[in-house]
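Undergrad: structure here, sequence nowhere to be found:
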């Protein structure tokens, strides 16, 4: 499971990036990605991906990805690779290393 | 690109299902998934996946997936397979065919 099948249509987005924009009440024990600035980081990522000319990408807002303690969290599919992007520099790093160069921004990756 | 790399950690979710719950104003030319009932369908899917005992799955709410005209839309990752789920029976069909049996609910699939 999890593998693509021979009859599957071409991917609709080459990179489908989900940025958690969930906000919990202030003081919640788990914190939340939005409380750590993820909404603005998502907007920034969307603009920068366009500026970098990344094709067939969608920088999607998502509800809670359930890894709140590690956020702001981003999941890149179809690879299933997760990052913590704490600021615009982290966003740039993920865009360049992963979406432009096809590698990984290792130092920002979330553990398994 | 889009392939997993040898050093990538194990997938955090075996199935990461994104259900669009975006709502546009009534009468918008594109319509919206929420206007077609996707919020309740997402809740139903979450409950049913649990009842079916599907492991390592997350039925995630997502903002606009940009295929509004075809909605209510669901994208299943890491496979990158999309479905239209118009009612609870469609949700059951996708859960059983794809998440339980590892196949595809062909008649509900969105085109490439």
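TA: On my side now, so go ahead. Owing to the predicted nature of the structure, the values given are computational and were not obtained by experimental measurement.

Undergrad: centre-most residue in chain A?
TA: residue A:74 (2.7 Å; C-alpha atoms, centre = their mean).

Undergrad: would you confirm that that one contacts residue A:21?
TA: No - taking C-beta atoms under 8 Å as the definition, residue A:74 is not a contact partner of residue A:21, at 10.7 Å. Heads up, the C-betas are built off the backbone N, CA and C, glycines and all.

Undergrad: for residue A:85, give me its contacts.
TA: Contacts for residue A:85 (C-beta atoms under 8 Å, 6 or more residues apart in numbering or on different chains) come out as A:19, A:38, A:41, A:45, A:72, A:74, A:91, A:94, A:108.

Undergrad: any chance of those in a markdown table, with pLDDT and secondary structure too?
TA: Formatted as a markdown table, these follow (pLDDT from 0 to 100; DSSP: H, G, I helix; E, B strand; the rest coil):
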| residue | pLDDT | secondary structure |
| --- | --- | --- |
| A:19 | 98 | strand |
| A:38 | 96 | helix |
| A:41 | 98 | helix |
| A:45 | 98 | helix |
| A:72 | 97 | coil |
| A:74 | 98 | strand |
| A:91 | 98 | helix |
| A:94 | 98 | helix |
| A:108 | 98 | helix |
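
Undergrad: nearest to residue B:13 among those?
TA: residue A:74 (14.3 Å; C-beta to C-beta).

Undergrad: out of the contacts of residue A:85, which are buried?
TA: A:19, A:38, A:41, A:45, A:72, A:74, A:91, A:94, A:108 (16 or more other C-beta atoms under 10 Å in any protein chain shown).

Undergrad: which residues of chain A fall in helices?
TA: A:38-51, A:88-94 (DSSP state H).

Undergrad: quick one, which of the ones you listed is nearest to residue B:51?
TA: That would be, of the helices of chain A and by C-beta to C-beta, helix A:38-51, which comes in at 31.4 Å.

Undergrad: which of the residues in that closest one are buried?
TA: Buried residues in helix A:38-51 (16+ other C-beta under 10 Å): A:38-39, A:41-42, A:44-46, A:48-49.

Undergrad: kindly report the same for stretch A:91-103.
TA: A:91-95, A:97-99.

Undergrad: check what contacts that stretch and list those residues.
TA: A:15, A:17, A:41, A:44-45, A:48-49, A:52, A:54, A:57, A:74, A:76, A:81, A:83, A:85, A:104-105, A:108, B:1, B:5.

Undergrad: do that again at 10 Å, thanks
TA: A:14-15, A:17, A:19, A:41-42, A:44-49, A:51-55, A:57, A:59, A:72, A:74, A:76, A:79, A:81, A:83-85, A:87, A:104-109, B:1-3, B:5 (C-beta atoms under 10 Å, 6 or more residues apart in numbering or on different chains).

Undergrad: ok, back up a step: as TSV, the buried residues of helix A:38-51 with distance to chain B would be great.
TA: Shown next, in TSV, are the buried residues of helix A:38-51 (distance: C-beta to the nearest C-beta, whole Å):
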residue	distance to chain B
A:38	12
A:39	11
A:41	14
A:42	9
A:44	16
A:45	13
A:46	11
A:48	18
A:49	14
